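*Asks:* build me a structure from this.
(3 chains)
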Amino acid sequence: MKKNPLLGRDVISMRDFEAAEIRAILEQCGRFAKSREPLLQGKVLANLFFEPSTRTRLSFDAAMKRLGGATIGFADALSTSISKGESLWDTIRVAEGYCDIMVIRHPAEGSARLAAEATRVPVINGGDGSNQHPTQTLLDLYTLKQRTGRIEELKIAFVGDLKYGRTVHSLIRSLSWFKAELWLVSPPSLRLPEDFLEDLRESGTRHHIVEEIAAIPDAVDVLYLTRIQKERFADAIEYERVRNAYQVNPTNVARFGPKVTLMHPLPRVNEIHAALDSHPGAAWFDQAHNGVIVRQALLALCLGAA
Amino acid sequence: MKKNPLLGRDVISMRDFEAAEIRAILEQCGRFAKSREPLLQGKVLANLFFEPSTRTRLSFDAAMKRLGGATIGFADALSTSISKGESLWDTIRVAEGYCDIMVIRHPAEGSARLAAEATRVPVINGGDGSNQHPTQTLLDLYTLKQRTGRIEELKIAFVGDLKYGRTVHSLIRSLSWFKAELWLVSPPSLRLPEDFLEDLRESGTRHHIVEEIAAIPDAVDVLYLTRIQKERFADAIEYERVRNAYQVNPTNVARFGPKVTLMHPLPRVNEIHAALDSHPGAAWFDQAHNGVIVRQALLALCLGAA
Amino acid sequence: MKKNPLLGRDVISMRDFEAAEIRAILEQCGRFAKSREPLLQGKVLANLFFEPSTRTRLSFDAAMKRLGGATIGFADALSTSISKGESLWDTIRVAEGYCDIMVIRHPAEGSARLAAEATRVPVINGGDGSNQHPTQTLLDLYTLKQRTGRIEELKIAFVGDLKYGRTVHSLIRSLSWFKAELWLVSPPSLRLPEDFLEDLRESGTRHHIVEEIAAIPDAVDVLYLTRIQKERFADAIEYERVRNAYQVNPTNVARFGPKVTLMHPLPRVNEIHAALDSHPGAAWFDQAHNGVIVRQALLALCLGAA
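*Replies:* Numbers count the residues shown, from 1 in each chain, chains lettered A, B, ... in the order given. Here you go, the predicted model:
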């Protein structure tokens, strides 16, 4: 039997795991893609969503139920004791008596770490503000492996909004451990923040800051697209210009060939031409579906059932 | 083994089914009335309620759980990615990775059909705006069969608001396939819309447009009552007058005898005198309870487990 | 096999049970502390929360799921048919067709009793306004027994807000059946209401109305603390004064020794000094966790499965 890299551990930040551990987790995911063994029968997951996130909540819920387990929880903080002035610490200490494992989504950075310190049951971070969202990063890595056969030495272009968005930040940081080469494609106003660039320099990760899709080389393995949010722009005309400049469509992705992998964390608005849904490399719905598989693996591993 | 009329199909509109198929579905319902075989163990239903509907949501939830299955979902659209501009198509494509079957309730007409086109998992329409609500029609037909022993050649009076209300429209249309004779009892302002009347004429269904309960013949099999909503009236005095004129009570239903079936889709406000709850023909709570049985049958049939 | 004191009964008010029955229920709780037998597999609990209460809802949900059962329900009344003018009676009659047992939480006093009269399935009161919350009282009694070895002849000081708060009222009344001696410690404005004092006199329960923690004797078995709510005070300075006067801390509880049991129904704000979380007698999180155990026992007993 393989070593379980998550036994007795929490899943709070990608930084808590070594490269070898991430590889071990991704290897375990495979077995959950098809089978539905009731490994967690009799176990209860508490889905504690202090901030709404239907997608993350439902995929954890589905993951637990595919494993034969049950879930309890709430979808927003409005009706919780937090609104009566209770500390997060107390809420978590109370909830630990109701469950075997908990997922926490909370707007405050560091809240998942605090929860993990408060309780003896395993805690999985479902997103703590603009800080960490490790299960999203793991599902992206799993999809990369599934599509390209590896997570090492990938050539990846990130396109669109690289300034905001936990998803891109966390994935870029993780890829820096696996010898990726990156093209960072954005308007100047949405460039990757300086501290992430510094990390890339420190880890010796090759990266290219460019402003146009045209500057991405043909031989790239992956285009990772993002949603450009209107709220980020003071000027509506500037928003329209940027949005159009970074939209991918059959014409501007043709030169990458049919083997390129096209990813997007979803939801998308209009950054992807509708015709690309039938591109052989389109992986966005796979990413979403892999989210359930990866979360099954995490739940089973943390509870020592895998 | 009987043929499964729903294998590999969606349940979007009553019009999608032939009379023989409806009879076959109703025949299957019987077995779910008593037994609780865990036919759907390991299966996940996504209850996607973009519009609140506690009754429909809870009865699908109960149906799935009686069959040993699990449910995930949401009770309104507020916290979904739809609020971030995501298309319904994308939401459904993402959700299909979380579940084996989905129920959709959505305010837009045609939304359930669109969802069924987006996904390979079976879709059941839990009500799409003022358009269709097929599971309500099926539970009404099942209750008619249970109470009168048949769904053919029934004499039914519909009383109250025949203008608004999907429930009455859909049931009337379905009854037209089974040789019913109808009395349509309403004030002129709440008469059955012209296109439904045209359908009745085309199908050769005998029907009588009247304005008073007194005009219903004694030999009718069923009185189908409806809620008259205050919001439909500009004038509060007119509302009071209509409401009182169409209330049924022990006095005005006495002449129909103890064998008449009294139905109402619920919720009711005061269109039924309280004493009628103990009338032997009062079927409103049976209708609600039959909703679980019919939905069990639909879930099991669509998933090929019945 | 022991007699089941709840078979075929509802759990609406502590007054419905004799002292011997309460002892029998508490004895049954023990077996649920450790084991997770799927005693309620195939059963459905309806959690009907017409008023939000995350803690009570989640602990019933967890209790049902630990027993292998399923739950359906809602967390507030906003989306229910009540908002369309439906009577509570009708809502309960409809819901009984969806479930095997129901928990009701409702802001109106007497609502749980009304629900129990409407339906043939067992009803457990999850709190009806300021009236009753029997499962909270049972978990307090269970915790008392767990900590002190008995529920008879306890010396208990209640501290803080004794005027509002169902929890304290219901527990005090129940303790009066078990020969307790009480110290009622509060400012004059938050004193125990007269009708409860009358009950104590009638039942011959020794009690001492005092205003300071200093007036509690060293030999007390239990300090039961409560949250003093700012909203109860017209004057902010008076609130601060009271709050500080009734806060417990390592200094003012030292004289009670390490064997004193410290209880609080939670949520707490700042009525307990943080250092007391590591006091050997601190029982507040145990109380919360015992809530699941007691509710498991109630569900199993009411359904005849224990």
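
*Asks:* let me see the contact set for the closest residue to residue A:286 other than its chain neighbours.
*Replies:* The shortest distance from residue A:286 to any non-neighbouring residue, by Cβ to Cβ, 6 or more residues apart in numbering or on different chains, is to residue A:143 (5.7 Å). For the C-beta atoms, the positions are set from N, CA and C on the backbone; glycine is no exception. Counting by Cβ atoms under 8 Å, 6 or more residues apart in numbering or on different chains, residue A:143 makes contact with A:261, A:263, A:283, A:286-287, A:290.

*Asks:* kindly list the single helix or strand of chain A that scores lowest on mean pLDDT.
*Replies:* Within chain A, no helix or strand scores below helix A:236-245, which has a mean of 88 by mean pLDDT, DSSP states H and E.

*Asks:* for that helix, the distance to its chain's centre please.
*Replies:* 27 Å (Cα atoms, centre = their mean, to the nearest Å).

*Asks:* return the distance of the residue lying closest to residue A:97 once chain neighbours are set aside relative to residue C:128.
*Replies:* Distances taken as Cβ to Cβ, 6+ apart place residue C:289 nearest to residue A:97, at 2.9 Å, with adjacent residues excluded. Residue C:289 sits 24 Å away from residue C:128, going by Cβ to Cβ, to the nearest Å.

*Asks:* coming back round to it: buried ones among the contacts of residue A:143?
*Replies:* For the contacts of residue A:143, a burial check counting by 16 or more other Cβ atoms under 10 Å in any protein chain shown picks out A:261, A:263, A:283, A:286-287, A:290.

*Asks:* any chance of those in TSV, plus secondary structure and pLDDT?
*Replies:* Putting the buried ones among the contacts of residue A:143 into TSV (DSSP: H, G, I helix; E, B strand; the rest coil; pLDDT from 0 to 100) gives the following:
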residue	secondary structure	pLDDT
A:261	strand	98
A:263	strand	98
A:283	coil	98
A:286	helix	98
A:287	helix	98
A:290	helix	98
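
*Asks:* quick one: which of the residues you listed is nearest residue B:175?
*Replies:* residue A:286 (46.0 Å; Cβ to Cβ).

*Asks:* thought the closest one was touching residue A:146?
*Replies:* Yes. If you go by Cβ atoms under 8 Å, residue A:286 and residue A:146 touch, sitting 7.2 Å apart.

*Asks:* just want the residue of chain A that's nearest chain B.
*Replies:* residue A:289 (3.0 Å; Cβ to the nearest Cβ).

*Asks:* where along chain A do the helices fall?
*Replies:* A:19-29, A:54-66, A:88-95, A:111-118, A:134-148, A:166-175, A:194-202, A:236-245, A:250-253, A:284-302 (DSSP state H).

*Asks:* and the second one, what does it pack against?
*Replies:* The reference is to helix A:54-66. strand A:44-49, strand A:70-74, strand A:101-106, strand A:123-128, helix A:284-302, strand B:44-49, strand B:70-74 (3 or more Cβ pairs under 8 Å, 6 or more residues apart in numbering or on different chains; DSSP states H and E).

*Asks:* which residues does residue A:46 bridge with?
*Replies:* With DSSP bridges as the criterion, residue A:46 is bridged to residue A:72, residue A:102.

*Asks:* flag every buried residue along stretch A:8-25.
*Replies:* A:9-14, A:17, A:22-25.

*Asks:* near chain C, from the residues you listed?
*Replies:* Counting by Cβ under 8 Å from any Cβ of the partner chain, nothing from the buried residues of stretch A:8-25 sits close to chain C.

*Asks:* just these now: which is nearest chain C?
*Replies:* Closest to chain C, out of all of the buried residues of stretch A:8-25 and judged by Cβ to the nearest Cβ, is residue A:10, at 19.4 Å.

*Asks:* tell me who's in contact with the closest one.
*Replies:* For residue A:10, the contacting residues are A:16, A:112, A:116, A:122-125, A:302, by Cβ under 8 Å, 6+ apart.

*Asks:* go again using 6 Å as the cut-off
*Replies:* By Cβ atoms under 6 Å, 6 or more residues apart in numbering or on different chains, the contact list for residue A:10 reads A:116, A:122-123.

*Asks:* looking at those, which has the most residues close by?
*Replies:* residue A:123 (27 neighbours; other Cβ atoms under 10 Å in any protein chain shown).

*Asks:* close enough to count as contact, it and residue A:103?
*Replies:* No. Using Cβ atoms under 6 Å, residue A:123 makes no contact with residue A:103, being 7.7 Å away.

*Asks:* state the mean pLDDT of stretch A:177-188.
*Replies:* Across stretch A:177-188, pLDDT averages out at 96.

*Asks:* how about it: buried residues?
*Replies:* For stretch A:177-188, by 16+ other Cβ under 10 Å, it's A:177-178, A:180-187.

*Asks:* distance from it to the middle of the chain?
*Replies:* How far stretch A:177-188 lies from its chain's middle: 17 Å, per Cα atoms, centre = their mean.

*Asks:* got the end-to-end distance for that stretch?
*Replies:* Stretch A:177-188 has an end-to-end distance of 26 Å (Cα to Cα, to the nearest Å).

*Asks:* contacts for that stretch?
*Replies:* Residues from elsewhere that reach stretch A:177-188 (Cβ under 6 Å, 6+ apart): A:19, A:151-159, A:162, A:192, A:206-210, A:216, A:242.

*Asks:* of those residues, buried ones?
*Replies:* Buried members of the contacts of stretch A:177-188, counted by 16+ other Cβ under 10 Å: A:151, A:154-159, A:162, A:192, A:207, A:209, A:216, A:242.

*Asks:* inside strands: which ones of these?
*Replies:* Mapping those onto strands (DSSP state E) picks out A:155-159, A:207, A:209.

*Asks:* save the residues you listed as JSON lines, and put in distance to chain B and pLDDT too.
*Replies:* Formatted as JSON lines, these follow (distance: Cβ to the nearest Cβ, whole Å; pLDDT from 0 to 100):
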{"residue": "A:155", "distance to chain B": "27", "pLDDT": "98"}
{"residue": "A:156", "distance to chain B": "23", "pLDDT": "98"}
{"residue": "A:157", "distance to chain B": "23", "pLDDT": "98"}
{"residue": "A:158", "distance to chain B": "20", "pLDDT": "98"}
{"residue": "A:159", "distance to chain B": "19", "pLDDT": "97"}
{"residue": "A:207", "distance to chain B": "29", "pLDDT": "98"}
{"residue": "A:209", "distance to chain B": "28", "pLDDT": "98"}
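
*Asks:* which one of those residues is nearest residue C:231?
*Replies:* residue A:158 (50.6 Å).

*Asks:* so how many other residues sit close to the nearest residue to that closest one once chain neighbours are set aside?
*Replies:* Among residues not flanking residue A:158 along the chain, residue A:224 sits closest, at 4.9 Å (Cβ to Cβ, 6+ apart). Counted by other Cβ under 10 Å, the residues lying close to residue A:224 total 26.

*Asks:* before I go, just wanted to say thanks for your time.
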